[in-house]
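Peer 1: Sequence below, structure please.
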Amino acid sequence: MILNYIKIAWKVLLRHPFYTFITLFGISLTLTVLMVLTSFLDHLFGTHYPEGKRDRSLYITRMMQMDTTQNGRNMGPVSFNFLRDYAKTLKTPERVGISTMMGFANTYINGKRIKLNTKYTDADFWYVTDFQFLEGKPYNEQNIANGENVVVITDDLRKQYFEDSDGSVVGKYIDIENIKYRVIGVTKGSPATRPYTYSDVYFPYTAPKSNYQSEGLRGMYVGIVLAKDKADIPAIQEEFNSAVSRISLPRTENGFKFHTIKVGANTYLDDFLGNFLQGEETRRTIFFSIIGFIMLMIMGLPAINLVNVNVSRILERASEIGVRKSFGAPSRALLWQFIIENIFITFIGGLVALLLSFLIILLINTSGWIAYADLTINFNVFAVSMGVCLVFGLLSGVLPAMRMSKMKIVDALKA
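Peer 2: Coordinates of the predicted model:
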């Protein structure tokens with residue numbers, strides 16, 4: 001019986017190509033937009049290379065210093081000394097990695113300037129991240145203690161600087177800002193959308209211009225705190241807050257006297273939202289409310305269109321319903337027919353949307369718009385979106401069908 005209903009549904013779709021196009025266009029466009037949007041959000045906030053441990057990581061990225069009036073304030077990254085004294089000494093985490101925010105430098109090859117994004121890190125930075133080394137290895141504590149001028153570069157920089165080299169570049173030298181550094185490793189690059197790991201070249205924090213010896217609480221460094229388990233995150237945050245509370249205040253730095261500081265070890269999403277929203281308890285609610293509203297708007301307009309098209313399509317088939325009822329078709333059979341038709345057309349629209357999403361995401365990943373982009377399909381979101389479209393389709397199709405199925409045969413034939 002179900003197979004017969006599917007055959008009827010297919011014939012109906014072919015008989016009314018305009019209605020079919022409008023319905024499929026609404027479903028597939030809605031799902032495609034949702035899939036690409038959620039894929040990009042997952043790319044920004046999800047656990048992906050080279051931050052494959054992001055789900056059990058906390059980020060210490062900025063400190064706010066305030067005077068007694070709470071109106072005068074300074075805010076920015078923290079110093080290496082602060083992270084060494086108040087993050088590295090924590091007992092609960094598995095490891096704490098330190099790196100600078102993104103910096104800039106230049107190198108030249110054959111008279112051509114190459115603009116570089118730079119990052120200074122400690123050895124634990126390579127432990128708390130999941131960089132894939134294509135050759136060589138990261139620098140370690142011994143390299144740093146010896147003050148060696150070594151660097152890790154990305155595969156893209158290797159291609160640009162050592163363009164004529166067919167073999168390994170480990171052990172070769174690269175001149176950056178008139179200082180020669182020995183390449184110790186080559187790693188697959190990180191997407192630019194991951195600011196705490198993205199760079200073209202990575203230096204030990206003891207390299208020139210790192211400013212790791214600057215005193216004070218503020219500086220140019222961030223910390224990535226790796227928990228042994230996700231369940232340890234609240235304990236780490238509590239331990240860190242306790243350590244920070246022991247800082248002697250008030251203090252004066254760079255001519256600014258402050259009596260209060262705010263600095264936290266936050267998950268990546270909370271850290272990101274903290275750049276725009278204040279209030280730890282409300283910012284997630286605000287963020288998800290905005291995302292939910294956007295998705296509701298994306299879903300709402302095609303859903304209304306889908307309702308109108310389905311109502312028109314079913315009302316147009318009133319005479320067909322009357323004929324089938326005159327031959328003894330029960331109301332239940334008519335309802336099942338329209339349910340199967342709506343499920344059938346929704347799944348066709350879903351397959352079209354899935355194909356379009358794959359193509360668009362593939363285009364983004366290969367276009368170079370986002371370096372090292374790794375957008376993926378979120379099948380959980382796809383399934384939920386399909387379900388929502390199916391519900392709208394059923395509501396818009398079944399309710400008019402129920403009304404039509406209860407009509408008298410003569411009235412249905414007249415309609």
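
Peer 1: going forward, measure contacts between C-alpha atoms and count neighbours the same way
Peer 2: Fine.

Peer 1: May I have the secondary structure class of residue 335?
Peer 2: helix (DSSP: H, G, I helix; E, B strand; the rest coil).

Peer 1: doesn't residue 62 make contact with residue 223?
Peer 2: No. Assessed by CA atoms under 8 Å, residue 223 is found out of contact with residue 62, at 9.5 Å.

Peer 1: Look at those two and report which has more neighbours.
Peer 2: Shown here are residue 223 and residue 62; by other CA atoms under 10 Å, residue 223 has more neighbours (29 against 24).

Peer 1: Where does that one fall, secondary structure wise?
Peer 2: strand 221-226 (DSSP states H and E).

Peer 1: Can you list the helices and strands that that strand packs against?
Peer 2: Judged by 3 or more CA pairs under 8 Å, 6 or more residues apart in numbering; DSSP states H and E, the packing partners of strand 221-226 are strand 57-60, helix 80-86, strand 95-100, helix 125-128.

Peer 1: Only the buried residues of the longest one, if you could.
Peer 2: It refers to helix 80-86. The neighbour-count check on helix 80-86 (16 or more other CA atoms under 10 Å) flags 80, 81, 82, 83, 86 as buried.

Peer 1: One more: the first one?
Peer 2: For strand 57-60, the buried set under the neighbour-count rule, 16+ other CA under 10 Å, comprises 57, 58, 59, 60.

Peer 1: Tell me who's in contact with the second one.
Peer 2: Residues near residue 58 by CA atoms under 8 Å, 6 or more residues apart in numbering: 224, 225, 226, 227, 233, 265, 266, 267, 268.

Peer 1: Same question for residue 28.
Peer 2: Applying CA under 8 Å, 6+ apart, we find residue 28 in contact with 349, 350, 351, 352, 353.

Peer 1: what about whatever helix or strand residue 159 lives in, average pLDDT?
Peer 2: Assigned by DSSP H and E, residue 159 falls within helix 155-161. Average pLDDT, helix 155-161: 93.

Peer 1: related to what we said a few turns ago, want to try JSON lines for the contacts of residue 58, with neighbour count and pLDDT as columns?
Peer 2: As requested, those are exported to JSON lines (neighbours: other CA atoms under 10 Å; pLDDT from 0 to 100):
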{"residue": "224", "neighbour count": "27", "pLDDT": "97"}
{"residue": "225", "neighbour count": "31", "pLDDT": "97"}
{"residue": "226", "neighbour count": "26", "pLDDT": "97"}
{"residue": "227", "neighbour count": "24", "pLDDT": "97"}
{"residue": "233", "neighbour count": "23", "pLDDT": "96"}
{"residue": "265", "neighbour count": "25", "pLDDT": "95"}
{"residue": "266", "neighbour count": "21", "pLDDT": "94"}
{"residue": "267", "neighbour count": "20", "pLDDT": "93"}
{"residue": "268", "neighbour count": "21", "pLDDT": "94"}
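
Peer 1: Just give me the closest of those to residue 255.
Peer 2: Taking CA to CA as the measure, residue 255 sits nearest to residue 265 out of these, at 26.8 Å.

Peer 1: Could I get the phi/psi values of residue 290?
Peer 2: As for residue 290, its main-chain torsions (degrees, to the nearest 10) stand at phi -60, psi -50.

Peer 1: what about the strands in the stretch 1-150 of the chain?
Peer 2: Per DSSP state E, counting those that start in this stretch, the stretch 1-150 of the chain carries strands over the ranges 57-60, 63-66, 73-76, 95-100, 103-109, 112-121, 133-136, 150-154.
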